[in-house]
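Asker: give the three-dimensional model of this entry:
(chains A, B, C and D)
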There are 2 protein chains.
Amino acid sequence: MKTLSSAVEDYLKAIFEIQGEEGQGRVSTSALAERLGVARASVTGMLKKLSAMDPQLVRYERYHGAKLTPAGEKIALEVIRHHRLIECYLMEALGYSWDEVHLEADRLEHVISEEFEDRIADMLGHPDIDPHGHPIPDRDGTVRELEGIPLTQLRVGQQAYISRVSDHDPALLRYLDQLGLTLHVKIEVIERGPFDGPLHVRLISSDAVHALGRQVTDHIIVSERVSERRKRL
Amino acid sequence: MKTLSSAVEDYLKAIFEIQGEEGQGRVSTSALAERLGVARASVTGMLKKLSAMDPQLVRYERYHGAKLTPAGEKIALEVIRHHRLIECYLMEALGYSWDEVHLEADRLEHVISEEFEDRIADMLGHPDIDPHGHPIPDRDGTVRELEGIPLTQLRVGQQAYISRVSDHDPALLRYLDQLGLTLHVKIEVIERGPFDGPLHVRLISSDAVHALGRQVTDHIIVSERVSERRKRL
DNA sequence: CTCTAAAATTAGTCGTGCCTAAAATTACCG
DNA sequence: CGGTAATTTTAGGCACGACTAATTTTAGAG
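Answerer: Numbering: from 1, shown residues only, chains lettered A, B, ... in the order given. You can find the predicted model right below:
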């Protein structure tokens, strides 16, 4: 297993994440370009390269997007495991807040050794999920897919637990933190404004009610069951 | 202050370290090439680039080597501070041994944020020296230069404390650890073989005597005074 | 089924940091 | 002081990963 560049790791991670979000189909050049902040043409070039590597990391068909091979997916999952363990570690051991960890982890994920990974995983008690509720793959690349639906889709009167929050926007995370909308909190939808209007959400524990816009509720995943244990024994 | 590449940081660090080791003169192209493991011609190219940057990072004269400018030295010291703090952190917080920390730190030093640096420095109590006895620069770039001489130069009968050990060779560090020749240990030179022969060294605490070759004694720095406090308040 | 807009690819460049081989310069020795 | 060996620089190239501009392909509307 030779060393891959950060760029390659970033592409594989992005393909994996987009595959997960938008069904299981192929990932388009544009979607990748957008997520990675590079020009479409750059993506085309990299996809050709990734599909020509030995072992082949993506299956790529001209004009029809790409899809990870098992080898590519394995690497993506290793990078994601690094990322999420580092996020946990930064919070637990170094006192970072949940809006600060993502950027730091994005840089560290490419340079830590397996040794480092093992040590922080041990120290943390092998957590299942990261600070935003995303599952942490096993060393062997197994991910438990979590159920849940966007808060946006919850009906008035329904209650649920916050089980996952998108980690890409620090400002959103700080906002949620202020409102008390943190992981594992139980909420109820009180009212929904017309024409995609704000969703009024009540925190069960404090009775506080907040009106949330679509930009917010789309990025919160809720589940009727309380999240499973946060750490394995 | 824009972001510099790892390569640039590595060059500046190497120039600083060689300047420190070999008097205060200019650093030769070959010395740099050797330390960095690249071809001489590559060094020439990089030195030209570094001396053309704004702000200028090295003063470079064709055929006569290079020397850090204050701006270059500042950056070198930041990288070295990162490196040494990370080494401390890996030992104290993650249970690494002193032969394992160097490689990991060499990768991490380029990607951690100031935030990360501050947090580990706080957590460690702002240590003065790294696990091999090298001084850790202040945030503002001040380094306390430590006194001491190579163990090789100690005379028979002289006693001294081990104050610093070269960190580049993990095998050497493991070897010393096995013999009990760790930092701050007091030793006495018992005998010196003829023709640059082995140096017989006694550990004051245990009375154990070991014969050490030149390859070893050259890389151990000793001091007659016990090392200063290891952590600042 | 054709026409067009959107998406994707090709073609051509650029900056970075490395390489080798050849030429230039320095430094040292007699 | 001249000649040679060691050091260093120049010249030319390569891989990588990004870019823009121009072209091709696809997909969707009528």
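
Asker: so how far is DNA strand C from the closest residue to residue A:158 other than its chain neighbours?
Answerer: The spatially closest residue to residue A:158, leaving aside those adjacent along the chain, is residue A:189, at 5.5 Å (Cβ to Cβ, 6 or more residues apart in numbering or on different chains). For the C-beta atoms, the positions are set from N, CA and C on the backbone; glycine is no exception. Residue A:189 sits at a distance of 33 Å from DNA strand C (criterion: Cβ to the nearest atom of the strand, to the nearest Å).

Asker: buried residues in the helix or strand containing residue A:189?
Answerer: Element membership for residue A:189, per DSSP states H and E: strand A:186-192. The neighbour-count check on strand A:186-192 (16 or more other Cβ atoms under 10 Å in any protein chain shown) flags A:187-189, A:192 as buried.

Asker: low-confidence ranges, chain A, go.
Answerer: Along chain A, segments meeting pLDDT under 70 span A:227-233.

Asker: contacts only, for residue A:134.
Answerer: A:84, A:164, A:167 (Cβ atoms under 8 Å, 6 or more residues apart in numbering or on different chains).

Asker: so which of these belong to helices?
Answerer: Counted as lying in helices by DSSP state H, out of the contacts of residue A:134, are residue A:84.

Asker: of the contacts of residue A:134, closest to residue A:127?
Answerer: residue A:84 (8.3 Å; Cβ to Cβ).

Asker: any idea how far chain B is from the closest one?
Answerer: 17 Å (Cβ to the nearest Cβ, to the nearest Å).

Asker: can you check residue A:71 too?
Answerer: Using Cβ to the nearest Cβ, residue A:71 is found at 24 Å from chain B.

Asker: distance check, the residue lying closest to that residue once chain neighbours are set aside against chain B.
Answerer: Once flanking residues are discounted, residue A:71 sits nearest to residue A:55: 4.3 Å by Cβ to Cβ, 6+ apart. According to Cβ to the nearest Cβ, residue A:55 stands 24 Å off from chain B.

Asker: my read is residue A:55 is in a strand, agree?
Answerer: No: under DSSP: H, G, I helix; E, B strand; the rest coil, residue A:55 sits outside any strand and is assigned coil.

Asker: got the domain boundaries for chain A?
Answerer: Domain assignment for chain A by automatic domain parsing gives A:6-68, A:76-145, A:149-223.

Asker: are any of the contacts of residue A:134 buried, and which?
Answerer: For the contacts of residue A:134, buried by 16+ other Cβ under 10 Å: A:84, A:164, A:167.

Asker: using the three-state scheme, assign the residue lying farthest from the centre of chain A.
Answerer: Farthest-out residue of chain A from its mean C-alpha position, per Cα atoms, centre = their mean: residue A:194, at 30.1 Å. What three-state DSSP gives for residue A:194 is coil.

Asker: what's the answer for residue A:67, then?
Answerer: strand.

Asker: and the gap between it and residue A:56?
Answerer: For residue A:67, the distance to residue A:56 equals 11 Å [Cβ to Cβ, to the nearest Å].

Asker: of the two, who's got more company?
Answerer: Legend: neighbour count by other Cβ atoms under 10 Å in any protein chain shown for residue A:67 and residue A:56, higher for residue A:67 (18 against 15).
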